[in-house]
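Asker: fold the following, please.
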Amino acid sequence: MTRYARSYRRIARNLSHLDLMAGSMDETFLAGELDLMDRDADRRFLDFYGDRGLRLALEHYGIWQAIERRGYRNIELSTHADDDRHTLVIWGEADGLPRTHLVELVVRRDRLVPQGELERAALDDGYDVLTVDWLTLRNPLGKFTPERPRLPGQDSPGLGVGERVVETLYRVVARLGLDAMMTVAEHFHNAVLYRREIEFFDPQYAGRCAALEHTLMEREGLSLAAASWAIDWGLVRDADAPLTWRGEAQVWAGEGRLRDWFGSKSYAQAMRESRQESRFTLDREAFDARWAIEAPVLEGRVANKDS
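Answerer: Below is the predicted model of the structure:
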């Protein structure tokens, strides 16, 4: 549960379906004149939200204002549907910075079908989910620092609205009557941050990630950023082979059997056994040498000559 859960639930109750479906085309749109399901360019976001409704929601949830407080103006929102994938982009500009995208979200409605023996025994045949294929939150005005260095995959510091966005997505799940939200972490640090809210569906992978986190961040004493770079640089081994990061489904469920699965004894036991069986090691000497070279740029202490 995020710190915004209670207030966002209250806000959601005060936003009607009509409020959220409002779009700029509504003044000229007549029912029957346009098939929203067949013409992707004119489809509502997730076949429900209008552009004005989206902005209204973002304002009520404080995301729009948070972006403005970071120094951006002339903020605009656009959406596009490509078959089942829906994209939302928020643009902004600032002094010395041309118009650029600050937020990019790609989502789709999907079906989660349990495959493993444990999952099939504990769960229903399938669940309707909101799958987050891509989420970028960029603050080009920000600066990387030793406390917040650049992470793998980043070209700018984060926008600082991640928790708000995640809670807003939970509200989308509830509004559309879906069972859960699902995503796959592109990098190790994403998975660790998601785990505060979003559990691995497969308990065996949850155990492996927990073991990896223990090895790098507790035993080796690396920061989250350093641990993620160690994996990205190929300096972590899984038993006898170099570890290649591969994210797995992480799921948030509000209630029901799917939510209960993550707190079940069978999930906890499978996770514990997987963690105990995992054997990760770090090439510490190679990492320290690489970090000494890369850290000044990653931490923003010297300019990146390639940027």
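Asker: only C-alpha atoms from now on, for both contacts and neighbour counts.
Answerer: OK.
Asker: residues contacting stretch 178-188, please?
Answerer: If you take C-alpha atoms under 8 Å, 6 or more residues apart in numbering as the criterion, stretch 178-188 is touched by 127-133, 152-153, 169-170, 173, 191, 194, 228, 231, 245-255.
Asker: can you give me the pLDDT of R196?
Answerer: With respect to pLDDT, R196 scores 89.
Asker: helix/strand/coil for it?
Answerer: Recorded secondary structure, R196: coil (DSSP: H, G, I helix; E, B strand; the rest coil).
Asker: any idea how far it is from D238?
Answerer: From R196 across to D238, the span is 24 Å (C-alpha to C-alpha, to the nearest Å).
Asker: more neighbours: which of those two?
Answerer: More crowded of R196 and D238, by other C-alpha atoms under 10 Å: D238, with 15 against 10.
Asker: what about the contacts of stretch 178-188, which are in helices?
Answerer: Mapping the contacts of stretch 178-188 onto helices (DSSP state H) picks out L169, Y170, V173, A191, Y194, S228, I231.
Asker: give me the most central residue, the chain.
Answerer: L135 (5.4 Å; C-alpha atoms, centre = their mean).
Asker: show me where the chain has helices.
Answerer: Using DSSP H, helices in the chain cover 5-13, 17-21, 51-60, 63-69, 117-122, 162-175, 188-194, 203-213, 224-232, 256-261, 265-277, 284-298.
Asker: quick one: average pLDDT of the third one?
Answerer: The average pLDDT for helix 51-60 rounds to 97.
Asker: and it, which residues are buried?
Answerer: Across helix 51-60, burial judged by 16 or more other C-alpha atoms under 10 Å covers D51, R52, G53, L54, R55, L56, A57, L58, H60.
Asker: the fifth one too?
Answerer: By 16+ other C-alpha under 10 Å, the buried positions in helix 117-122 come out as E119, A122.
Asker: for this structure, which spans come out with low pLDDT?
Answerer: Residue ranges of the chain with pLDDT under 70: 24-42, 304-307.
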